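Here you go, sequence then predicted model.
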Amino acid sequence: MRNCDGDLYISAVSRILVLRDIEHHLDDPPKLEVITDKLPTETHHGWKFIAFGPDGKLYVPIGAPCNICDPGLDHVKLIRMNADGSDTQTVAVGIRNSVGFAWRPSSNELWFTDNGRDMMGDDMPSDKLNKLSHIGENFGYPYCHQGDTLDPEFGKSKNCEDYTPPVPKLDAHVASLGLRFYEGKQFPASYQGALIIAEHGSWNRTKKSGYRVMTVRLDGDKVVSYEPLIDGFQQNEQAWGRPVDVQPMPDGSLLVSDDLAGAVYRVTYVP
């Protein structure tokens, strides 16, 4: 993740690193600096998507070190810190595993994906697309899944109404990862302001789900459609690609990364 000063921030499981002014030093890279090494060391859900918000803070997710557990205050949350690693704050809790977030250009509201737990069946629970309304918001994990279903073990004596539900439920086990708001001019007008979401794909569902790039169209905060932009990364239950992230480009095209094929695709539209 690059900040406004041209510094390149790199996330590891338990550390955030930075290469200063990297584009002007490609032939003689600067030494890696450690911004923080105080993050949890568990590798389960330890991969981190990081991004700078409109407030200039660096946002970092800390996932659950398990499929389902109650790990305490050091996990299942989103934190933010200054660019130098100081003043770490908790932004939201009850988040199992978010591997993508973006700020809506029209409002600077934070929207993020969250992967649902496994071992509750093929169609339960759904992945989630969440919107942050206030600092300290609780999105329910490990007590409530998909906004309306208590966990069979950890949900006892809990109430889903105490937690923030998803804006929409996404499909179950699709492994929703990176997302961006589309503000380009190349795609048809119906894509303006829509969310584009990479769905990496299920790993243990009886019939595969995900393996596609989805478009979520919004009317205010209401979802009016959730449909494929790109499909076919798996055919006849055999996957040849797994989308990870999306990135709109200045010309309005869209980049899609794929960690199974080891490729980056450029999607364009010609009327």
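It's in.

list the helices and strands the helix or strand hosting Val246 packs on?
Per DSSP states H and E: Val246 is located in strand 243-248. Taking 3 or more CB pairs under 8 Å, 6 or more residues apart in numbering; DSSP states H and E as the contact definition, the neighbouring helices and strands of strand 243-248 are strand 176-181, strand 195-199, strand 212-219, strand 254-258. C-beta: built from backbone N, CA, C; applies to glycine.

Out of the ones you listed, which gets nearest to Asp122?
For Asp122, the closest of the helices and strands packed on strand 243-248 is strand 195-199, at 15.8 Å, according to CB to CB.

Keeping just the C-alphas, turn that closest one into PDB.
Extracted C-alpha coordinates of strand 195-199, given in PDB (Å, rounded to 0.1, in the frame of the first residue of the first chain):
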ATOM      1  CA  LEU A 195     -18.800  -2.000  -5.600                       C
ATOM      2  CA  ILE A 196     -16.700  -4.500  -7.500                       C
ATOM      3  CA  ILE A 197     -15.800  -7.600  -5.300                       C
ATOM      4  CA  ALA A 198     -13.400 -10.400  -5.900                       C
ATOM      5  CA  GLU A 199     -14.700 -13.800  -4.700                       C
END
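
Show me the contact partners of it.
Defining contact as CB atoms under 8 Å, 6 or more residues apart in numbering, one finds that strand 195-199 is touched by 100, 102, 111, 113, 129, 170-171, 174-182, 210-216, 218, 229, 243-246, 248, 254, 256-257.

again, but for stretch 151-166
Counting by CB under 8 Å, 6+ apart, the neighbours of stretch 151-166 from elsewhere in the structure are 68-70, 94, 114, 117, 120, 126, 128-130, 133, 137-140, 142-150.

let's see it at 6 Å
Identification of contacts with stretch 151-166 by CB atoms under 6 Å, 6 or more residues apart in numbering yields 70, 128-130, 137-140, 142-144, 147-148, 150.

avg pLDDT for that stretch?
In this model, stretch 151-166 has an average pLDDT of 98.

Just the terminal-to-terminal distance for that stretch.
Distance across stretch 151-166, first residue to last, is 16 Å (CA to CA, to the nearest Å).

Just the buried positions in it, please.
If you call a residue buried by 16 or more other CB atoms under 10 Å, then stretch 151-166 has these buried ones: 151, 154-155, 160, 163-166.

still on that earlier bit, listing partners with orientation, what would you give for the strand holding Val246?
When sheet partners are counted by DSSP bridges, strand 243-248 sits next to strand 254-258 (antiparallel).

Can you check what angle separates the partner strand from strand 176-181?
170 degrees (axes from the mean of the first three to the mean of the last three CA atoms, to 10 degrees).

contact partners of strand 254-258?
213, 241, 243-248, 264-267.

Show me the one of the helices and strands packed on strand 243-248 that comes nearest Ile50.
strand 176-181 (11.9 Å).

what sits up against that closest one?
So strand 176-181 is in contact with 99-100, 102, 104-105, 113, 127, 170, 195-200, 244-246, 248, going by CB under 6 Å, 6+ apart.

if you set the cut-off to 7 Å instead, what comes out?
Counting by CB atoms under 7 Å, 6 or more residues apart in numbering, the neighbours of strand 176-181 from elsewhere in the structure are 49, 99-100, 102, 104-105, 113, 115, 127, 170, 193, 195-200, 244-248.
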